[in-house]
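Colleague: give me coordinates for this.
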Amino acid sequence: MNSMAEKKLSDYEISVFCRQMAMLIKAGIAPLEGIEIMLQDFKFEGDDSTLKTISQILSSGERFHVALQMTGAFPSYVIHMVTIGEESGNLDLVMDSLADYYEQEDTIRTNISSAISYPLIMIGMMIVVIIVLITQVLPIFGQVFAQLGTSMNSFSRSLLAVGNALNRYSIVFIAIMVIFAAGCIFFVKTKKGHDIFRTIGMHIPPIRKIYGEIATARFANGMVLTLSSGMDTYEGLRLVSKLVEYKDMVVKIETCRSLIAAGDSFPEAVKEAGIFNKFYSRMVAIGFQSGSMDTVMQQIARKYTDETQRKMYNFISILEPTLVIILSLIVGLILLSVILPLMGIMSSIG
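Modeller: Predicted structure coming up:
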């Protein structure tokens, strides 16, 4: 079936849409009437074309999940879960679970963007300060040395030559800075940029660990959604494996499915696959025995999300003074390279 739109909704927009639809459906309002109500005061980034498209398709007699699919604005996971909700009669619960899931996804992506953007901004500031020093400040010291009938040391002369080259080819330098700024925006704002940053981060142990915990939180959030919709764990694992965006976790999920197919229970398979640590694996076993798996998974997801956020804040809190120290050392080295010889000359004159 062909899509009628190309623009994908953000995680935040999907969560808001699902939350409002869940409230309307719980109130006994049919999807078509609910969409008409939402059209009165709700828009996706100021654009109500997606809602209008859904309304038109529903008016033609199609089911809700078909309408969402034909817009082309919703991910396949949402379409699949809404289909299950319609068939099981639990559409309100599914929409609520989808809202919770995409709220968590929005939080995770916001945290990742913050963790990426801050060091890039600091590095950009460092570059600007250093360039101002070698293009504007060092030439002044060079003139002072010339008036005193002496010359700067070799290190300072090298920096001054770099500064003169930057002044001479300022257009090229500006173009490079624009490219750097565009690169920062690419890494912070786009999914492909996040993917490249994640690939690079996989070679850095602390970042790799954080991404592993993010994948675990996504796994737990996805299982909450599938379990609350009444789906069996084997099929739920298949769907969740498409959400984690982390190869190691995908391998663990496939191992878990194989163990379940071989006859293991879900808690045993999760433990043997190494998806959770021993503490959380025990929680899963208790939840399985008590019939409250979705609640346990929700608690685990929240714990992992909170822990990941705490580690990101710790990483930024360590990175901030580190970058400041590096900037201070570079600036101090540049200034000392000209001030110390100048002080020596002035003292000899005195």
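
Colleague: C-alpha from now on. contacts and neighbour counts both.
Modeller: Will do.

Colleague: surely residue 117 meets residue 183?
Modeller: No: look at residue 117 against residue 183 with C-alpha atoms under 8 Å: they stay out of range, at 10.9 Å.

Colleague: ok, these two, which is more surrounded?
Modeller: Ranked by neighbour count (other C-alpha atoms under 10 Å), residue 117 and residue 183 place residue 117 first, with 17 against 14.

Colleague: so which strand or helix has the more buried one?
Modeller: Here residue 117, judged by DSSP states H and E, is contained in helix 91-132.

Colleague: got the end-to-end distance for stretch 281-297?
Modeller: Terminal residues of stretch 281-297 are spaced 10 Å apart (C-alpha to C-alpha, to the nearest Å).

Colleague: mind listing what's buried in it?
Modeller: Neighbour-count burial for stretch 281-297, with 16 or more other C-alpha atoms under 10 Å as criterion, is recorded at 281, 283, 284, 285, 287, 288, 293, 294, 296, 297.

Colleague: need the worst-confidence member of those residues.
Modeller: Within these, residue 294 has the lowest pLDDT, namely 82.

Colleague: isn't it up against residue 228?
Modeller: Yes: using C-alpha under 8 Å, residue 294 makes contact with residue 228 at a distance of 6.1 Å.

Colleague: mind checking what helix or strand follows the helix-or-strand element of the chain with minimal mean pLDDT in sequence?
Modeller: Every helix and strand in the chain was compared by mean pLDDT, DSSP states H and E; the lowest is helix 191-201, with a mean of 71. For helix 191-201, the following helix or strand on the C-terminal side (DSSP H and E) is helix 205-228.

Colleague: packing partners for that next one?
Modeller: In terms of contacts (3 or more C-alpha pairs under 8 Å, 6 or more residues apart in numbering; DSSP states H and E), helix 205-228 is packed against helix 91-132, helix 191-201, helix 233-240, helix 247-261, helix 293-349.

Colleague: angle of the fourth one against helix 205-228?
Modeller: Spelled out, it's helix 247-261. Interaxial angle of helix 247-261 relative to helix 205-228 (axes from the mean of the first three to the mean of the last three C-alpha atoms, to 10 degrees): 40 degrees.

Colleague: who's in contact with helix 247-261?
Modeller: With C-alpha atoms under 8 Å, 6 or more residues apart in numbering as the test, helix 247-261 has contacts from 212, 215-216, 234, 237-238, 241-242, 244, 266, 269-270, 272-275.

Colleague: and with 7 Å instead?
Modeller: 215, 234, 237, 241, 266, 269, 270, 273, 274, 275 (C-alpha atoms under 7 Å, 6 or more residues apart in numbering).

Colleague: can you get me a residue count around the third one?
Modeller: Translated: residue 237. Counted with other C-alpha under 10 Å, residues neighbouring residue 237 total 20.

Colleague: what's the spacing between it and residue 200?
Modeller: Going from residue 237 to residue 200 by C-alpha to C-alpha gives 28 Å.

Colleague: can you pull out the low-pLDDT segments for the stretch 1-150 of the chain?
Modeller: Applying pLDDT under 70 to the stretch 1-150 of the chain flags residues 1-7, 42-47, 116.

Colleague: helices or strands up against the helix or strand hosting residue 83?
Modeller: Element membership for residue 83, per DSSP H and E: helix 76-88. Judged by 3 or more C-alpha pairs under 7 Å, 6 or more residues apart in numbering; DSSP states H and E, helix 76-88 is in contact with helix 64-71, helix 91-132.

Colleague: among those helices, which is the most enclosed?
Modeller: Mean neighbour count (mean count of other C-alpha atoms under 10 Å) peaks for helix 64-71 among the helices and strands packed on helix 76-88, with a mean of 20.

Colleague: how far does that helix sit from its chain's centre?
Modeller: For helix 64-71, the separation from the chain centroid amounts to 27 Å (computed by C-alpha atoms, centre = their mean, to the nearest Å).

Colleague: now it and helix 91-132, what's the angle there?
Modeller: 30 degrees.

Colleague: state the distance from residue 128 to residue 75.
Modeller: According to C-alpha to C-alpha, residue 128 and residue 75 sit 41 Å apart.

Colleague: then residue 162?
Modeller: 50 Å.

Colleague: and what of residue 177?
Modeller: In this view, residue 177 and residue 75 are 36 Å apart by C-alpha to C-alpha.

Colleague: just put the helices and strands packed on helix 205-228 in CSV and tack on distance to residue 151.
Modeller: Putting the helices and strands packed on helix 205-228 into CSV (distance: least, C-alpha to C-alpha, whole Å) gives the following:
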stretch, distance to residue 151
helix 91-132, 21
helix 191-201, 44
helix 233-240, 67
helix 247-261, 58
helix 293-349, 10
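
Colleague: quick check: residue 34 is in a helix.
Modeller: Yes: according to DSSP: H, G, I helix; E, B strand; the rest coil, the state of residue 34 is that of a helix.

Colleague: helix or strand right after the helix holding residue 117?
Modeller: Per DSSP H and E, the first helix or strand lying C-terminal to helix 91-132 is helix 138-147.

Colleague: for that next one, name the packing helices and strands.
Modeller: On a contact count with 3+ C-alpha pairs under 7 Å, 6+ apart, helix 138-147 meets no helix or strand.

Colleague: run through who's touching stretch 118-133.
Modeller: Applying C-alpha under 7 Å, 6+ apart, the external contacts of stretch 118-133 come out as 184, 327, 331.

Colleague: and for the first one, the neighbour number?
Modeller: A count of nearby residues for residue 184, using other C-alpha under 10 Å, gives 17.

Colleague: let's verify it: helix, strand, or coil?
Modeller: Residue 184 ends up helix, using three-state DSSP.

Colleague: good, we can wrap up now.
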